[in-house]
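K.L.:
Requesting a structural model of the entry that follows:
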Amino acid sequence: MSKIIIRKATIEDAKLLLNFVYELAKYQKAEHKVEADREQI
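P.N.:
Alright, predicted model coming up:
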């Protein structure tokens, strides 16, 4: 079984986090509502 590690996000994680937000919005057919960019995250 894999060990799960939870940590605080870093500035390097911004691109990945924004991608998660966008993919969730896409799944919910709400991409047009995503207003964040990497600098805001």
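
K.L.:
Tell me where this structure has strands.
P.N.:
Here the chain has no strands by DSSP state E.

K.L.:
thinking in terms of the whole chain, how far from its middle is stretch 22-29?
P.N.:
Relative to its chain's centre, stretch 22-29 lies at 11 Å (CA atoms, centre = their mean, to the nearest Å).

K.L.:
Export that stretch to PDB, keeping only CA atoms.
P.N.:
Output in PDB follows, covering the C-alpha atoms of stretch 22-29 (Å, rounded to 0.1, in the frame of the first residue of the first chain):
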ATOM      1  CA  TYR A  22      -9.700  23.900 -14.800                       C
ATOM      2  CA  GLU A  23     -10.200  20.100 -15.300                       C
ATOM      3  CA  LEU A  24     -12.900  20.100 -12.500                       C
ATOM      4  CA  ALA A  25     -14.600  23.100 -14.200                       C
ATOM      5  CA  LYS A  26     -14.400  21.300 -17.500                       C
ATOM      6  CA  TYR A  27     -16.000  18.200 -16.000                       C
ATOM      7  CA  GLN A  28     -18.800  20.400 -14.600                       C
ATOM      8  CA  LYS A  29     -19.100  22.200 -18.000                       C
END
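
K.L.:
which residues touch the residue nearest in space to the middle of the chain?
P.N.:
For the chain, residue 17 is the residue whose C-alpha lies nearest the centre (CA atoms, centre = their mean; 2.2 Å). Residue 17 is in contact with 9, 41, counting by CB atoms under 8 Å, 6 or more residues apart in numbering. (C-beta placed from N, C-alpha, C; glycine too.)

K.L.:
May I have the phi/psi pair for residue 2?
P.N.:
phi -80, psi 150 (degrees, to the nearest 10).
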